[in-house]
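# Model the following, please.
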Amino acid sequence: MSRPTIADIARAAGVSNTAVSFALNGRPGVAEPTREKIMAIAHDMGWTPNRAARALSTSRVDALGLIITAPYAELARDAFFLQLIAGVERKLAGSPVALVLKIVEGFADELAAIRQWHGESRVDGLILVNPRPEDPRPELTNQLGIPTVFIGKPGTNEPFSSVFIDDALVMDTLIEDLAARGTRRVAYLHSHAHYSHGEARLATLGRHREGLTAIDHGVPSNSITEAHAAIRDFVSMLDLTPTTTFVCESEDLTLATLRALQDLEINVPADAGVVSWESSPGLTLRSPAVSTLERSPADMGEAAVDLLRDMRDNPGPRTRELECPRLNARDTLPANTQG
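Residues are numbered from 1 along each chain as shown. Model (predicted):
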């Protein structure tokens with residue numbers, strides 16, 4: 001059966017093609033009873049808008065693009081992006097807008113993908129992740145005129161829109177919470193990647209705090225096996241006390257740390273505590289249940305879609321800061337000795 005056309009609907013409703021077009025596109029000039037009649041007939045006939053024609057007439061393709069630059073093996077283990085995508089899709093549910101996902105392994109490939117999508121009019125807006133110091137993407141997307149929201153704050157003098165959590169505040173608050181529980185040394189384990197959020201965390205970690213020391217260690221992230229070996233070597237050189245807490249940047253590093261501590265017969269939490277910057281069922285439902293920061297990548301995804309919708313109606317940069325996540329202490333932290 002052929003797809004019903006505007007002309008078919010017009011004949012069935014006894015009105016002009018123009019009246020049907022106005023009614024289906026929500027334009028004024030059609031009496032409300034007539035509009036309702038047209039919409040009912042169109043629904044009964046199974047009419048849906050021709051996306052190609054609509055894109056030509058409105059310069060919109062009802063698609064948002066999300067580009068992630070990460071090695072495929074690493075991405076497959078990263079729950080952050082899965083939760084982020086879930087939040088985007090949850091916010092898009094019930095709308096005609098689709099999410100177009102692109103995964104690349106190199107930053108140059110990401111820049112090329114942005115240019116390609118713009119040249120092919122593939123998307124109406126972009127969501128970009130992992131902002132960098134001196135990030136070239138805000139300048140590029142501004143030049144191309146693509147509405148773009150960053151998850152995080154890129155380092156640039158260019159105007160940009162972003163959904164972000166203040167990572168410096170998160171690190172500061174986490175250290176205060178750990179210190180209140182008796183921690184006297186924080187060891188922050190992170191990847192070698194240089195992102196804006198990572199630099200903010202490290203800068204805050206390095207501040208002097210009376211009665212507390214803080215160290216960090218960059219861990220190779222090519223594989224969880226490599227990370228495990230590197231963390232085991234690092235921990236074996238430390239003089240551990242029960243007042244040491246390892247703070248791990250990702251789920252991978254958290255699991256590698258727990259395995260390394262087990263290999264070295266270091267009991268958690270009696271001999272050392274462990275906290276994950278990320279929260280996932282794989283961490284919170286295991287035994288021992290891992291203490292985590294309770295932030296929601298899904299909320300970031302939803303907020304990014306909201307900003308893009310705002311920018312469609314009122315162009316211009318805007319930001320949304322999400323609430324600072326707090327520590328959820330579980331089995332991998334000793335009981336609060338300061339209470």
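
# so where's the chain shaky on pLDDT?
1-3, 28, 48-60, 337-339 (pLDDT under 70).

# Determine which residue lies closest to the centroid of it.
The geometric centre of the chain, computed from its C-alpha atoms, lies nearest to Leu84 (CA atoms, centre = their mean), at 4.2 Å.

# Quick check: buried residues in the strand or helix carrying that one?
Using DSSP states H and E, Leu84 falls within helix 79-92. By 16 or more other CB atoms under 10 Å, the buried positions in helix 79-92 come out as 79-81, 83-85, 87-88, 91-92. To be clear about C-beta, it is placed using only N, CA and C from the backbone, and glycine gets the same treatment.

# repeat for stretch 235-252
235, 238, 240, 242-252.

# which one's the longest helix in this protein?
When every helix of the chain is counted residue by residue (DSSP state H), the longest turns out to be helix 297-313.

# Touching whichever helix or strand comes after that helix from outside, list them.
Downstream of helix 297-313, the first helix or strand assigned by DSSP H and E is strand 319-321. Residues outside strand 319-321 that contact it (CB atoms under 8 Å, 6 or more residues apart in numbering) are 153, 161-166, 303, 306-307.

# From these, list the buried ones, please.
153, 161-166, 303, 307.

# Among the residues you listed, which are located in helices?
Judged by DSSP H, helices contain the following of those: 303, 307.

# Would you reformat the buried ones among the contacts of strand 319-321 as CSV and include distance to Glu323?
Formatted as CSV, the buried ones among the contacts of strand 319-321 follow (distance: CB to CB, whole Å):
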residue, distance to Glu323
Lys153, 16
Ser161, 19
Ser162, 15
Val163, 12
Phe164, 11
Ile165, 8
Asp166, 10
Ala303, 11
Leu307, 16
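
# those helices in the chain, which residues are they?
Going by DSSP H, the chain shows helices at 6-13, 17-24, 32-44, 51-58, 72-75, 79-92, 107-119, 137-144, 167-180, 196-205, 224-236, 251-263, 281-284, 297-313.

# which one of these is the most hemmed in?
helix 251-263 (a mean of 22; mean count of other CB atoms under 10 Å).

# okay, stretch 263-272 in CSV with CA atoms only?
Presented in CSV, the C-alpha positions along stretch 263-272 are these (Å, rounded to 0.1, in the frame of the first residue of the first chain):
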residue,chain,number,x,y,z
ASP,A,263,47.3,-9.7,45.6
LEU,A,264,49.4,-7.8,48.2
GLU,A,265,47.3,-9.3,51.1
ILE,A,266,46.1,-5.8,52.0
ASN,A,267,42.7,-6.0,53.6
VAL,A,268,40.0,-3.5,52.6
PRO,A,269,38.9,-1.6,54.6
ALA,A,270,41.0,-2.7,57.7
ASP,A,271,44.3,-1.8,56.1
ALA,A,272,43.3,0.8,53.5
